[in-house]
Every structure is written in structure tokens, then in C-alpha cells.
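Visitor: How does the following fold in three dimensions:
(chains A, B, C, D and E)
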Amino acid sequence: MNVVEVLFGLLGVVALGSALLVVTTRQLVHAALWLVVALGAIAGCYLLLSAEFVAWVQVLIYVGAVVVLLLFGLMLTRAPIGVSTDLDGPPLQKVAAAVVALGLTALLGVASVEAFRGDHIGLAHTGRGSTAATGSAVFRVWVLPFEVLSVLLLAALVGAIVLSRRDIGEDDR
Amino acid sequence: MSTLTTGVQSVDYTAIAAPLIVAGLALLLLLLDAFLPPARRQVTGVLAALGLVGAAATLVPLVGDRRQTFCVPGKGLVLPACSYAVDDLTLVFQALVLAGALVVVLLSLDTVRLSRIPPGEYWFLLLASVSGALTLAASRDILTLVVSLEVVSLPAFALVALRRFDGRASEAALKLFLVSVVSTAVMLFGLALVYGVTGAVHLDRIATALDAGGRRDTILVLGVLLAIAGFGFKVAAVPFHFWAPDTYEGAPVPVAAYLSVVSKAAGFVGLALLLTRGFAPYADIWGPTLAVLAALTMTVGNLAALRQTRAVRLLAWSSVAQSGYMLVPLGAAGVGHVDDVLPATVAYVLAYAVMNLGAFAVVTLVGRHRPANTLEDYRGLMRTEPLTAAALAFALACLAGLPPGLLGLFAKVVVFRAPVDRGVGWLAVVMAVNVALGLFYYLAWAARLFTRPESARRPPSYRISWSDGLAIGITLGAALWFSVAPGVLLRWPGH
Amino acid sequence: MPLLMPVLLATGLFGIGVYGVLARRNAILVLMSVELMLNAVNIDLVAFDMWWRDRLLAGQVFTLFVITIAAAEVGLGLAIVLLVFRNRETTSLDELTELRETVP
Amino acid sequence: MSHWLIPLLLAVPLLGAVALLVLPGAVAEHVATRLGVVVSAATLALSAVVAATAPSTNVSWVPELGIRFHLGTDGISSPLLLLTAFLTLLCTVLLLRVQPEALRLPALVGVVLLLEVGMLGTFVAQDLLLFFVFFEVVLAPMWFLIAVWGDDKVPGGRVRAANIFILYTLLGSAVMLLGILLIGLRAGTFDMVALTARAGSGLGHSTQLLAFAALAIGFAIKTPMWPLHSWLPGAHTAAPTVGSVLLAGVLLKMGTYGLVRIALPMVPQGAHTFAPFLGALAVAGIVYGALACLAQRDLKRLIAFSSVGHMGFVLLGISTLTPVGVNGALYANLAHGLITGLLFFLVGAIKDRHHTADLELLGGGLYQRMPRLGALLAFAAVASVGLPGLAGFWGEMLSLYGAFDPGADLSRGYYLVLMTIAGTGVVLTTLYFVNVLRRVAQGTSFQVWRDAVLLRDATTHELVVWSPVVVLVVALGLWPGWLLSASDPVVRRLLGMSG
Amino acid sequence: MTAILIALLAPTVAAVVGLLLGPVRPRLVVPVAVAGAAVALLAVCVPALRLVAGNDIVARLHLATVPTGAVPIGLDLRVDGTAALVAVAVACVALAVQVYSAGYLRGDPRYSSYAALVSLFTAAMLLVVVADDLFVLLIGWEVMGVCSYFLVGHHWEQEGSRSAAVKAFVTTRLGDVGFLFGIFALGHVFGTFSIHRIVSAAPEHPGLTIATLLLLCGVVGKSAQFPLHTWLPDAMAGPTPVSALIHAATMVAAGIYLVVRLYDVYLLAPTTLAVMAVIACITMLGGALAALAQDDIKRVLAYSTVSQLAYMLAALAVGSSLASTFHLLTHAAFKALLFLAAGSVIHAVGTNRMADMGGLRRLMPVTFATMTVGLAALAGLPPFAGFFSKEAVLGAAEETARHGGAAATWTGWLVLVVGLITVTVTGAYVARLWLMTFFGQPRRGVAAHESPAVMRWPLVLLAVPAALLGFAGLGQPKLHIGLVTSVLSLVLTVAGMATVWRAWTRAPSTDPTAGLPGHGLLLHGFRVDDLYDRVVVRPVRLAARAVGWTDDQVVEGAVLGTGRGAVALSALVARTQSGNVTTYLTGLLAGVLLLVAGLVVFT
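Guide: Below you'll find the predicted structure:
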């Protein structure tokens, strides 16, 4: 077990732990903050997997944009700071959630172990995850989805704006 | 849009003209809307309609051709692979998407005006979604597939919510959104697993890899099944159907029509591509699964539809049930050659599009005058509005598969053929029972058109605008034409 | 590095995400849980990409796209949540049941 | 042969119906019934020409599915064709004077003509899908006939009766469609002539079983076979006279015709396996129908149940898989169409006059009050019990004869038992019909009816409508060869026996 | 054959014309009906006369062949000697009845339909007589049945008529079903339904027990033999002329005639002959005993008919079709006469009850005289017709008893013994009828009067054959009349008469048999009806009610239940659509989990 693996293991535990807190904490804002931790840890994992570009994008977009957005959302919906009791569904729902989640995890986990036991990722080939390599791949091979993605982003942007604008339609009530 | 081509991938603009035009048009209309004076903004809708017709025209030179673009070269044993391919399947679905979108646009013209929906944004979102559907039909790798699917979905969320003052619309959008993103996440996880096992993202390469592979069966089964989820959501198959009735009901009726026809067709083409091109070697796994899904879907849809009292909600459940029929050929794919089931599903999707849009067209029209849009509002419509009532009756007869709605009958025959030919008898039987079940609510509705209205309620009476009339005319004409000459549905190029 | 490490991490994250989606009733928390699921996907994709040494870098590129999609989804999703909040004064999913099947 | 003849035959009533629905209200109201008579008379004339010249039309329709637009007639469809056109004409003539309370005549006549299209089409279709289409075409008009022009005093209301009718028959249709598709898709063609010639070769044993079961259920519901009959009494009770006449006279025949035309020849192995079951259910229907008749209060309901019994004979004949039995079934089919049609005409007239068909309320004395109506009722009843010399006899007799010596290697002893039970059914049938005469026709009138001055005997107009049926019933009773020599060769062909 | 066709068509045409003309020209009804019968009589006389002239008169007419898919049916007619004679008898009685009815039913509002039905009946009976194909015969057979039904129910205002009509029709139909099956069996065996072909091929197929027994069912029903005899006494509710024609002379004899026609087949089925003998004996004696206790004059005659028909059947059972035919013919004459005379009495007195009659001898001389002739013939007093024919029957029985033959010896003895006992009873009830009706004091105040001429003349005309027809049989070599049996039977007859006479003279105003042990049982025909009521009628009613209930509750219930089931399932589905998106997502993910888990387990 080398350093990378140990680090990966630690980061993984952090990611899992903070993810667990995201879905269990009783404070809305904490959830967002734990999400930052989890996402950050995952970014670290990417780095360890030598996917540098992805890691940076993860940090920039997720931590930088998505979480900020979510925090804004929390504020705009007048989320209380502090403990709230109404974040979770009824107990039965939680049990169902746990059963489904555990079931899926177990199935996938067992199947993964069965499938990938003994396989190793050779991380010697650094450079595959570099910005240059990734960017080149995007623009050489994945132009089409990238272009389509631009439509997606634009649509999401326009959609978000039009839904958020309050200047039209109010009088139609 | 696509200015960033490199030397590696040459782009066949003829092949991608249709989505390109539609996407460009979307942007154009958004900009135009910003600059036009409010009084003349209605023109954008007409432009959208014309643009769709133009985009459809670009498909014509492609007929009978097989074009591929955005390709990566092969190396050694690995064959070259392309992200975008135009073949018969693609063309049929692109044509279907464009025609369906055209009808939706026509139906939306009045809705946009009357509901004070911001027109520029509406047309933009609609066309953006359409461009995604067009791309989806042509995509041959899972990246493009997923991104296109999201392009279809995301604008749709916004479209549903565009009546911003309406809590029901927002609620509908939220439900659609949440179910969608969760399904997408599940699908992505599945696709990731498939990628993990095969190391490929191009559908034909996945198929090759699956053909060769052996020891990682379970994980692949999981991957394939999870991957189905995202498309299952799109086509509203049980258990991914829950959003459909609520969303249809909350959305503007034309948007519901869009979701039930264009978006669903996109889902089907995606599903078909993924399964028959990518996962073909695993047909013995996903075939029976889809058979179960199909049986569940049609049964649940029909059962729930039985008790509906509102037109749109009924159509929602009915379209769930119809999805079940469309899944039947895929469900029978576990036996025999996989590709052979495609024409049946395609034919049914085409027929369904025609008849469902026909029903939605009239429902939209009635909904303008009776916002509650309950089935009782249709009582006696034959007396006040014989033409629209007749159109609706015909569409319903088609959906029921009952003469004179031969279109639906033929479609069902086509779909039946797969399980019958392939010995999946139980599915055929379940379908037969469901067809019978379905007949009842379609006919109960159709019957209302002809029965005497209660004295207190007058059936609606209205002047039909040119756009609504055109929409009804197109769907009715198509339904009639296909009823007389259903061969067209089956004779799509190459078959 | 054993391939199983990232794969199991992803599986665990996915399961946690699933739990969050189902157990939470606040729309924004559900969104966060969905993000966890998507991140699980991404870890898988990157890991498999590295493992296969994919010439096309499909896994990594896919990850980038998924991140983008996630961002777009969050953006639009938040807009919808806010809209709902504006109209209904709530973000609790179980209070948004005006559209439903009426059971006698 | 003139290939446009049969399409023309279908087009005439269709155009008539369309014209009535399209014409402006006042005009349509004015001409409706007369146009109906003209159109249906023309249709009858055409169908006579068709029956005489046996033309056929055969063009490709949906080659991808092996569906052809194939129409034709032969010795077993021509009589039914004529029966349909004949009864429809009588119905439209009746409507000239005798009209249901909810008038809307153009729609009514239009619906009747539409119904005719479906019925005629069913009998001339030579393609399975086409057959199915026409088979279904009749449903909607019949629904309207019951739901709009029906009697709303029936329990649950006319709409409910109409709904049960359509729901039931649709369920049957769906199952039948399964059978049709199973045959057509497995064989690769829907052409009935080709499929008949093939006689099931190329279809596996289990396919045949499933297909026959599906077809038989579909047709059995239409026929209706016990215990799938429960839609019939309600539908008949609620239906207006013309509806009842056409329902009993023609619609029920479509089921048995389908069995003979499709189920027997195309999946013979299935037929052979299921024939004993069919026979048992048929016989159960005979006895059950007769016993149920004894327990009825409503005259229309009673006649409906009598149809269950009579169609039991038809089914028994079919189940023997012999030319005799099938000939008998077809004969009984036709005879039942005429006789029960007549019965419903008569009961309709009685109901029009008394506003009830309840035996208790009607009381006796019809002979006294309305001797002509009473005499005709007696005639129809006697015809219905299968009196030799009248049309009803030959069919039932030949069905029983078929059961006496069943075909293929069906168990003779079993069929003898069936025959014997069916024989007691004959006696029970006699019993309930004479019971009806005893309760309605004989005896003395209630005071209410004696006081009701408006109770007229059968009018000349009505007699004009009914007497052709009477004449035909006698003619068919005395000259069975006319029909049998037409049907026999066809039946032999359908059963896979050389002439 | 033209004559036969005319004979068939004339009454048919008369029926149709009479029916259509009735409401318009009521006065033409009688002439038309009488003309029909008269033409028929003239026509059937043509072959009969040739027969008398000693010619071979077998003639056939083939109208058409009806394919059935198996054995074809031929619309064939055939006349031979027996047929010609029976046809004459039928036509004669028919004519007599038509004429008589004009008086008996004068002023009846439904006379036209009555006359038409009688005409139609005549045609049908003639068809039975001349039919060569069994199905043609069946047509006539059943048309007769339905005419009988309508005519019995002529007085449908009265409950008695109504139920009698129903009973008559249904009971005979019951027998006819067996008859039909018998026809199938014969056709199956012989490959033809043609009677003469069957008969000529009979030797090739001996021992057709089941087929002949099935045919016998029809005979038993039609000819009112035990156990299907009960309808005939009730059928007396019909007008008396009808009773004379249908329920005495012709229709009831058709059963016997059928066996006669197929006799060669029967002769080769000894079991059937034995069954016939037993049935005949039971009926013979039972009918006579029942006749002894009846008060209704027509019921006496009805039971007498039952008993006499049994003689004919007995003759067949012991191997003599000729004796049977002979008795058939004489019985037709004297029983028609008796009924018409009884009708005359009823017409005069206005009641059927013999208890209300008496002393009519002087008031109605013609009726008295002719009825006396008829009764003498019935009792079998020489030289009246009945004597010869009855003796022929007994003689045949004796022959069989002594020498055997086609039938078993014991059947001969049985028939002989029972026949002789019955002779005694016959004498007794004849005497009783005669005495109670015509002698003693008139019991009613009303002055009875002789019937009009139109009714008298048929009586006189029928009295002639009733008196003399017996001599026709003397020339027949095949008829065996034993001296011992003749004397014995004569003695027994007289003894029976004397017994009654003695009882009657003691109390002329009362029923001489009233004191008989078991009088009630006899009066009710051995309570067979009660038995049938309990064994057949009530179970059928019960079954009908059960089926009615089943149909309402179970079959309908199943249908409605299916509907309700669908609705319940629908509600179940609706319940999952709660509006809560979390539930939806749970459903979605749980569904995925189930699918995945299921498939993993499955593969």
C-alpha cells in the first residue's frame, strides 16, 4: 500500500463521512458546508487519480459555483440557521430510504468486488489528466457533445433567468 | 454554433443541418424577441413553425443515405467509430420530432398569447429542447446521448414552469425536475459501470466489447439495467412514470403534448439506440426486463386511466399505457435478432405521435374555453363543435385501436407481432387484456361527445384560430392517411 | 491503486446520495443528495478512464460534462425551487401535493 | 368479375349514413326515414346481385403485414348478407312510421345504416384484419342505438346496458384480435382464403390451441355462449326495436359465422381439441337459456335468453366438426336471425303499445285485444321452438344430427350425451314458449288494457314489415335445400373435406 | 301422385285462404274449409279406388333432395295400400268434422282460425300418411302436434284449456325428441331416410333395438301410451270435433301408423317388440280402468282412446301389423263417431258431466242411435266393426302365444290375457257411459234437444263404417280370428256390461262405479299426473328459479365483480400517486432495486 492509496483511502473516508453528514445533518447550512467538504475530498481523489483538470474543474464549478448557488437557494427560501426538525421525511420514509440505499449499495458493491477484484490502476502515465490532454480530447474527439452542451447551458441559463424574473405574469393571477 | 472544428474531425454539415438550424433558430428567436416591440412578438412563433418546416426540409436530401460524422479513427482491432450518424432510424425520428414540434408550436401560439407566457423564452426553450431531441436521434456514443437527453429535458422543466404565477405549474416542474435528475443520476451510474467494463463509449464498440466479454456479467447486468432508468423516465415507463400525470396536469397543455409526444419519442429513440445498438448482445437480459416493464407500464397506465375525470390527466395515464405498448417489441427482443424489433417500436411511436397529438390538439382547444378540462366538458360537443368533436373522436378511436381508428389498430398489430413471432406469449396476452381495458376509457370519453349534455352545462362553442385549426387538421389528416395507408409507417427507408 | 478503491467509494457515495434523496424532504437538500450521486458517477468515470487508459479520454471528458450538466441542473433546479417557494411558501416536498390522484 | 361490386355494396349504406349526418338538420329530418328506406332497398338489391354473381375484390393493402383488401362471398356468407340487407330494410321501413321516443331520426337512420356497413362487411371480408375491422365497426352504432334510443326504464338505465354490451364485446374482441394476430402473423398472411387452404399447416400445435381459444372466446362472447352471455339480456331489454332486431338478427350471427369461417378451418387442431368443451358449453347454454326463460318476467329479456339457447344449438352444431353440424349451425343461424328478428319486431310492437314488456303487467288476452299481433306472436313462438316445416327446425335438427355422429375422432359417446341433453333443451324451449303464449296471448285482458282505447292491433304498415319475414320463415322451413345446397360445398371445404 | 299432391295442397290452401279471409269474409270460412276437406277426400279416393279395383298402386314422388352434409334428406312421397286406406279414413273424418263443426261451433268468434287449423291439420296428417322420407313424415307429425296444441287451446279463456294445450304439446314434444334421435339412428344405419328403402334394407340390419326404441318414444308420445299418455285426457278441453278428429281418429293413430310403416325394422328387433307389448298392456288396462271412473264423458272417451290405441300397439307387439291397421281404421270410424255424438250430447246438455246427463235417449234419438252403434263397436260387440278388429288383435296375440313368431311367446300370452281383462273393463265402461247418458231420468231441468242437421248427418255417415267396416277384414287371409278367444271375449264383455248394468239398476241416478274400491285413484288416472308434477314439473320450476337466481347473482355478479376488481385495482394504482414526489422517487428507486435484484437472482 503506497502513499497514494493511503491518501486516497483517507480522502475517501472524509468524502463518505461528510456525504453522510450532508444527508443526515439537522442544520440546512451545515449540509451545504459538509457538501463542500465532500466535494473537496472528491476533488482530492481526482488529483490522486492523476486527473488534474477534472479536479480543478470540480473545485471551480462545484465548490465555487454549485455550492454557492445552493447556499443562495437556501437563503432565498428563508432557510433557518440552526437546527430544523423538518428536514427529513417521516420515520417510515427514512427506513424505506435506508433499505433502498443499502440494497442498491450492497448489490453494486458486491457486483463491483466480484468484477474488479484484483484490478489495479497504473498511475504511472501522468499527463493523461492534464489540462492539455483533456482539452485536446474535448476539442478533437468530443466536439459534438461539447457543442450540444453549450445549448444545454444556454437553455439552463435562459430557463433559470426567465423563471426567476418577477416582472412578467404577476398581473395574470 | 459549431465553429470549433479541428483537423481531426471533419464535420458533415448536411448531416447535422437539422439540429443546427433548430438550435440557431432558437437563439435567433430569443434575440429577435428582445428587439421586437411587444405587439409584434407573436411573429416569433410563426417563425419557429417555419423554421421547423425548413429544418425538416434539410432531412430530405439525407433520405436513403447513410452518413456519419464526428468520427474517431480506428486503431488496430478497434474499428473507427462516430458520434453522429444519420441513418433510417435517425431520419424517421428526426422527422417525427420536427413534425410533432411543429404541431406543438401551432398549438402553443394561442396558449402563449393567452397565458401571457414570455414568448421569446418559450420558443427558445422549446426549440432548444427540439434540437436536443434531433441530436439524440443521431447520437451514437453515450456522451452525446446523455448530453442530448439532458438538452431535451432541461428546457422542458422550464417550459412546464413558465406559467410562473401558477403554483401548480411550479409544482409540476419541480416533480418533473426531481424525478428527471434522479433518473439521470441512476442512468449515469449505470453507464459509468458499462464504461468501466467495456472501456468504450461508442455504441457499436460497446456492443463489440460486450460480445467479447464474459466474466463480469453481474456488474454489466446492473449497469445495463441502471442505464435504462434515464430513458425509462423519459418514456414514463413504470416505475419511472410517477411524474407524468402530475406534470401533464400542471403544465400548459401544449407543453404536456410536447412531453407526451416529442420528448417521449426522444426517450424511445435513445432507449432503442442504447439497447439495440449498444447492448444488443445483452438482449437476453434487458429483453425480459423490458417485457416486465412493458406489462407493468400498460397495466398501471390503463388501470389508472380508468378512473380519470380530467382530460389531460387521462391522456397522461393513457400515454403511460401507450408507452407500455411501445416497449412490447423491445420486450420481445430477448429472442431472435434484436434489430428486427426496432421497426415495430418505431411504427408504434409514429402512430402514437399522430393520434396522441390529435387528441391533445382538441384538448388544448377545449381547455382554452373550459380551463378545468374535465371529461364532462366534452359532453355534447358533437352538437356545438362537430368538427373538433369528430377529430377528437377519431383520435380516441385510434388510441383505442378500434375502427374507424385503423391507425391505432394497425399499430397494435405491428406491436403484437414481436411477442407473437418470438414466442413471448404471455406479453401478448397481457397486451390483449390491456387493449381491452384501454378501450373502455377512450370510448367512455368518445361517447360523451355524442351524448346529450346536462341541462345546466352547455358544451363549449368557439371559433377556431388558424393555428389551432391547422394543428388539428395536420394531425387528423395524418391519422386518416395512415389509417388508409398504414404501410407508410412500416415502410420507413430500409424496411 | 486497486480499482476497487475508487469504485467502492463511488458506490458508497451513490448509496448515500440515494438515501439523501429519499430521506430528505427539503427540495434543496434533495438536490444536494443528487449532487452526491452525480459525484459518485464521476469518480467511477475517472477511475475507469485511468484504468483503461482510454485513448479518447472519454471518462474524464464525460466527467467534465457531467459536472457541467450538474451545474446546469442545479441552476435551473434552484430557479424552480425558488419559483415554488414564491408560489407556495414552502420547499417541503411532501407539502407539494396539489397535483395528485384523488382517492375517494 | 366486377371487382367494384362489393365495395359498392358497402359504400351505398356508408354514403347514406354520411349524407344523413352531413345534411343540414331540417333537410335531414325531413328525408331521413325515406332516404333510409331507399338506401337500404338499394343495398338489398345490390346484395342480391352480389349473392347471385359472387364477385370478389382483392387488392393489396398493407403488404408489410400481409393485409389485403380482399372481399368476396360464397355459399355461407351470401345468405347472411341477404339476411342483413333484408332485416335492415325492414327496420328502415318500420322507422317510417314507428319511431322511438327520442326522435333524432337522421342520426338514428344513419346509425342503422352504419351498422349495416359493419355487418355486411363482416360477412364479405376475406382478410382477417378486414374482418376484425368490420366486426368492430358494428359496436359503436349499436352502442348509440342502445344508449341514445333505448329504453331508460330498464334497471341501471340504458347507458349502463349499452356500456356493458360494449365492454363485454370489446373484451371479446381484444382476445379475438390476439387469436387473429397469432394466426396471421405466424402464417405470414391474413388472407382468409389462403389460410383456409392451408388448414393450419405451418402453425404449431400450441399456437393453434392458443389461437383457437382466443378466437373462440371472442366469438363466443358475441354469439353469446354460456356463460359469457350476460351482456345480452340487458342490451336487448334496453335496445329499441330496430336495435334488438339487428342485434339478435345479425350481430349474434357474426360470432358463429366467425367460428365457422375462421376458427374451424384455420386452426383445425385447436378446433379439434376444444370442440368437446365448446359442445359442452353449448349444451349448457341450451338448457340454461331455456330454464332462464322460464324464470323471466320481461318479454324482451326472455327472448334474449331464448337466443342464448338457440345459439347453443348453433354452437353445438359447430362443435361437432361435421359438415352436417356446421350446415345445421349455419341454417340455425339464419333461421334464428329471421325468427328472433320477428319476435323482437312483435315484442317491440307490444312494448310500444303497452309501454312495458313485463309479463306480469301485460297479463293475458293478447289474442283478444290484438288478434293479429297475437297470431303473429304465436307463429313466431312456434317457429322459434323449431317446428318442422318452419325455418327453425332444420338448423337445430342438423345440429343434433351432427352431434349424433361427430366428426374427426371426437368421442361419440360424449356427443351422444350432449345430444340427449340438448334434446331435453328442445322440450324446455317448447315449454317456455307455450308458457309465454299462455301468459301473454291466451287468457283475458286486464281491465287497464281494456280501458286503454289507444291499443291498436297491428297496423297495415307493421304487417307489411313483418309479413316478408313470415313468408321467409315458412319458405325456409319447407325448402331447406335452397340454403343447404349452397352452404354444403363451402362447409366441406372449410372443414378440409373434398366436395 | 297428382291426386296425392292435390290432397295435400287442398287443405293447406284452404287453411291459408281461410285464415286470410276470416276477418274479411266470415261467411266464406265454412265453405272454404269444407271444400278443402272434400277435395282432399276426393283426391285420396283415387288411389284407394284403384286399390279396391285390385291394382298395385305403389307410387312415388320425388320433389327434391336436401343435402345435409351427411345422409341427404329426400322430399319424397309414397303411396301404397295401407297409406291409401288410412288417407281415406283421415279425409273422411276430416270432412265429417269440418261439416259437423259448422254446427257445433256456430257463432264462435274464432271460427276462421279454428277451421284453418283443422284444415292444416288434415294436410299434415295426410302428409304423415304419404311421406316416404322420415323427415317429411316428421314435418307432418309436428305440424299436427302444433295444430293440436292450438286447437286444444281453442277456448283459451279457460285455464283448463290453456294448461291442457301446454301439456299436450310439451309431452308429445318430449316423445318427439326421442323420435328424432331414432330417425338419426335409422339414417345412420341405413344411409338413407327413405322409409321404403329402409324397409327393403331392413333384413340387412337386424336387431336395431335402440333405434326402434327411440322411434317408439315418439309413438308413445303421439299415441298417448304409458308413460306419456296423460296429456290426452286433458286435451279433451278442446272443442269436441277436434277431439274426434285429432285425439281419436287420426293424430293419435299416427304413432301406430308409423310403426306399421317401419314394421319390417321392428319385426327384427324383438326386444323392442317386447317393450311395446309391456307398454301396450299397461296402457290398455290402465286406460280402460281409468275410463271406468271418469265423470266427464269426453274423458271417458279419451281414456278409452288410450286403451284402444294400446290394442293397436299390442297387435304390433305380437307381430300383426295388419290387425293393428285394421283396428286403427275401425277405431278411427267408431271413435270419431263417438266423439261427435258425445259432442252432440254436450252441445245439447251444455255440460260434459255424465252426472248431469241421463234420459237423453228420447230427446236425441239420432244421437242415441249412432252413439249406440259406436259404443257397441267400441265394446267389440258383433257385428260392429270393433268386434272384428279387436278380435283380430287378440287372435294375433293368441297366434303368437301358441306358435311364437317374430315376437316372443310370452308377449303373446301377456297381450292375450291383458287384452281379455281389458275387454271386460271396456264392456263395463261402455255400459256405464251408455246408461248414464241416455237412460234413467233427465237430471237437468233444461230441455235437451236433438242437434241440427249439419251435426246429425256426419254422425249418421260415420255410423255406417263404424257398424260395417269390420266385414272388410273378413276377407283378409292374414287376419286370424280365433273362435275361443272371440267367444271368451264376448262373454267377458257382456259380463262387464252386466256388472255395470246391475249396479246401475240398483241406483239409476248415481254413478255405478262410484262404490268401486280405488275409485278416486282411477278417477285421477292412477295419479300419474301427481307423480309427474312431483318428479318433473316441480324440479323444472325449481331449476328455472335456480337458474334465474344464478344468472342474476353469479353470472352477472362475476361480470360486475370483474368490473369492480378493475376499479379496485385502479384505486390501488391511484393510491400510489399521492402527489408526494418523495414517494415517487422511492417508488422509482425501489423499483430499480427490485428489477436489478430480481434479474441478478434470476441470471
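Visitor: how about whichever residue of the stretch 151-300 of chain B sits closest to chain A, what does it touch?
Guide: Going by Cβ to the nearest Cβ, chain A is nearest to residue B:158 of the stretch 151-300 of chain B, at 3.1 Å. No exception for glycine: its C-beta is placed from N, CA and C like everyone else's. By Cβ atoms under 8 Å, 6 or more residues apart in numbering or on different chains, the contact set of residue B:158 is A:155, A:158, A:159, A:160, A:162, A:163, B:121, B:125, B:173, C:76, C:79, C:80.
Visitor: give me the number of residues near the first one?
Guide: By that I understand residue A:155. A total of 32 residues lie near residue A:155 under the criterion other Cβ atoms under 10 Å in any protein chain shown.
Visitor: Format the CA atom coordinates belonging to the host helix or strand of it as PDB.
Guide: Using DSSP states H and E, residue A:155 sits in helix A:143-164. Taking C-alpha atoms only, helix A:143-164 is exported to PDB below (Å, rounded to 0.1, in the frame of the first residue of the first chain):
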ATOM      1  CA  VAL A 143     -16.700  18.300 -30.100                       C
ATOM      2  CA  LEU A 144     -20.300  17.200 -30.700                       C
ATOM      3  CA  PRO A 145     -21.400  16.700 -27.100                       C
ATOM      4  CA  PHE A 146     -19.500  19.800 -26.200                       C
ATOM      5  CA  GLU A 147     -21.500  21.800 -28.600                       C
ATOM      6  CA  VAL A 148     -24.700  20.300 -27.500                       C
ATOM      7  CA  LEU A 149     -23.700  21.000 -24.000                       C
ATOM      8  CA  SER A 150     -23.400  24.700 -24.900                       C
ATOM      9  CA  VAL A 151     -27.100  24.600 -25.900                       C
ATOM     10  CA  LEU A 152     -27.800  22.900 -22.600                       C
ATOM     11  CA  LEU A 153     -26.000  25.600 -20.600                       C
ATOM     12  CA  LEU A 154     -27.700  28.400 -22.600                       C
ATOM     13  CA  ALA A 155     -31.100  26.800 -22.100                       C
ATOM     14  CA  ALA A 156     -30.500  26.300 -18.400                       C
ATOM     15  CA  LEU A 157     -29.300  29.900 -18.200                       C
ATOM     16  CA  VAL A 158     -32.300  31.300 -20.000                       C
ATOM     17  CA  GLY A 159     -34.600  29.000 -18.100                       C
ATOM     18  CA  ALA A 160     -33.300  30.000 -14.800                       C
ATOM     19  CA  ILE A 161     -33.500  33.600 -15.700                       C
ATOM     20  CA  VAL A 162     -37.000  33.600 -17.100                       C
ATOM     21  CA  LEU A 163     -38.200  31.600 -14.100                       C
ATOM     22  CA  SER A 164     -36.500  33.900 -11.700                       C
END
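Visitor: coming back round to it: using JSON lines, please lay out the contacts of residue B:158 together with pLDDT.
Guide: Listed next are the contacts of residue B:158 as JSON lines, based on pLDDT from 0 to 100:
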{"residue": "A:155", "pLDDT": "94"}
{"residue": "A:158", "pLDDT": "92"}
{"residue": "A:159", "pLDDT": "93"}
{"residue": "A:160", "pLDDT": "92"}
{"residue": "A:162", "pLDDT": "90"}
{"residue": "A:163", "pLDDT": "90"}
{"residue": "B:121", "pLDDT": "91"}
{"residue": "B:125", "pLDDT": "95"}
{"residue": "B:173", "pLDDT": "95"}
{"residue": "C:76", "pLDDT": "94"}
{"residue": "C:79", "pLDDT": "93"}
{"residue": "C:80", "pLDDT": "93"}
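Visitor: Filter these down to the buried ones.
Guide: Buried subset of these (neighbour count, 16 or more other Cβ atoms under 10 Å in any protein chain shown): A:155, A:158, A:159, A:160, A:162, A:163, B:121, B:125, B:173, C:76, C:79, C:80.
Visitor: which residue sits closest to the third one in space, ignoring its chain neighbours?
Guide: Computed as Cβ to Cβ, 6 or more residues apart in numbering or on different chains, the closest residue to residue A:159 that is not its neighbour in sequence is residue B:158, at 3.1 Å.
Visitor: ditto for the fifth one
Guide: Taking Cβ to Cβ, 6+ apart, and ignoring the residues beside it in sequence, residue A:162 has residue B:121 as its nearest neighbour in space, at 4.2 Å.
Visitor: So what's the residue count around residue D:114?
Guide: 25.
Visitor: Now do the same contact list for it.
Guide: D:13, D:14, D:17, D:137, D:140, D:141.
Visitor: okay, who's weakest in those by pLDDT?
Guide: pLDDT across these is lowest for residue D:140, at 84.
Visitor: And that residue, how close does it get to residue D:110?
Guide: 12 Å (Cβ to Cβ, to the nearest Å).
Visitor: for residue E:232, same thing?
Guide: Applying Cβ to Cβ to residue E:232 and residue D:110 gives a distance of 56 Å.
Visitor: So which residues of chain B form strands?
Guide: Along chain B, the stretches classed as strands by DSSP state E are B:67-72, B:81-86.
Visitor: How about the residue in the stretch 151-300 of chain D that chain E sits nearest to: what's its closest non-neighbour residue?
Guide: At 2.9 Å from chain E, residue D:295 is the closest residue in the stretch 151-300 of chain D, using Cβ to the nearest Cβ. In space, and not counting its chain neighbours, residue D:295 is closest to residue E:548: 2.9 Å by Cβ to Cβ, 6+ apart.
Visitor: For that neighbour, give me its contacts.
Guide: D:291, D:292, D:294, D:295, D:296.
Visitor: Residue D:306 too?
Guide: Contacts of residue D:306 by Cβ under 8 Å, 6+ apart are D:289, D:290, D:293, D:340, D:343, D:384, D:429, D:432, D:433.
Visitor: at 6 Å what do you get?
Guide: By Cβ atoms under 6 Å, 6 or more residues apart in numbering or on different chains, the contact set of residue D:306 is residue D:293.
Visitor: where in the chain is pLDDT low?
Guide: Answering for chain A, as no chain was given. A:1, A:125-126, A:167-173 (pLDDT under 70).
Visitor: other chain: chain C
Guide: C:103-104.
Visitor: show me where it has helices.
Guide: C:4-23, C:27-52, C:58-88 (DSSP state H).
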